[in-house]
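Student: predicted model, plus sequence, below.
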Amino acid sequence: MRVVVVDDAVLLRAGLVRLLGEAGHTVVAELGDTATLGESIASTAAELVLLDVRLPPTFTTEGLVAARELRRTDPGLAILVLSQYVEAAEAVDLVAGSSEGLGYLLKDRVADVRDFLDAIEEVGRGGTVIDPEVIRQLLATRRRADPLEALTPRELDVLDLMAQGLSNAAIADRLVVSEGAVEKHIGNLLAKLGLGAHEGTHRRVQAVLTYLDHRGSPATGPPS
């Protein structure tokens, strides 16, 4: 594969370049930051980017921010994040979409060169390689950030029935309330989920997707 390596640690970067070369891959660019990453990928027809998380200038989440942007602009590009840290908040956004051709490994937990090279090849083939510790922290972050916790029991009832495909009139009939009350509950829950009026007609769909993502399949019996 044609690989771009991005790491500000010169010795580590040189080691990765040598390791990849010995394994038959071609390192087409070596970078110490993400300033020219997009240009390097375009000019070299790179197939995979291997990058650290904490890069200049702030040494915070530059690598993940760059990876997320690459997933948006070049979804066919394989990306492997190799870092000492789990930046859970940014990583959630990175893996929220398609996980094809995506990897996130912790440097301290890569104990075998062959395993590392296997991970490179798996991601390059379109597979997914995520360190178990990264998965653990991502799940913990998602639980802490559950937007449904802000909803009242009645709003959850309404959202559950929305997820079953019921209209406002049908929801009102099921809950034995007025249709106006249902509309008020829906307005409140949409606001709490951060789905403002600017989202247009897709707000209802997005609310249901949020519900299914955090609670799974909707209940089939009548809400209490």
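Tutor: Thanks, I have the structure now.
Student: for this structure, what spans make up the strands?
Tutor: Under the criterion DSSP state E, the chain contains strands at 2-6, 26-31, 48-51, 78-83, 102-106, 128-130.
Student: report the buried residues of the last one.
Tutor: Of the residues in strand 128-130, those scored as buried under the neighbour-count criterion (16 or more other Cβ atoms under 10 Å) are 129, 130. C-beta here means a position set from N, CA and C on the backbone, and glycine is covered the same way.
Student: so who does the most centrally placed residue in the chain touch?
Tutor: Central residue of the chain (Cα atoms, centre = their mean): residue 95, 2.2 Å from the mean position. Counting by Cβ atoms under 8 Å, 6 or more residues apart in numbering, residue 95 makes contact with 102, 104, 130, 138.
Student: and the gap between it and residue 148?
Tutor: Applying Cβ to Cβ, to the nearest Å, the value for residue 95 to residue 148 is 20 Å.
Student: per the record, what domains does the chain have?
Tutor: For the chain, automatic domain parsing gives the domain ranges 2-144, 147-215.
Student: need the ones you listed in CSV (columns: mean pLDDT).
Tutor: Output for the domains of the chain, formatted as CSV (pLDDT from 0 to 100):
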stretch, mean pLDDT
domain 2-144, 90
domain 147-215, 87
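Student: out of the contacts of residue 95, who's the most crowded?
Tutor: residue 104 (27 neighbours; other Cβ atoms under 10 Å).
Student: that residue: what's its closest spatial neighbour, skipping adjacent residues?
Tutor: Among residues not flanking residue 104 along the chain, residue 81 sits closest, at 4.5 Å (Cβ to Cβ, 6 or more residues apart in numbering).
Student: how much space separates the one you found from residue 203?
Tutor: For residue 81 relative to residue 203 (Cβ to Cβ), the value is 33 Å.
Student: the more surrounded of the two?
Tutor: More crowded of residue 81 and residue 203, by other Cβ under 10 Å: residue 81, with 28 against 20.
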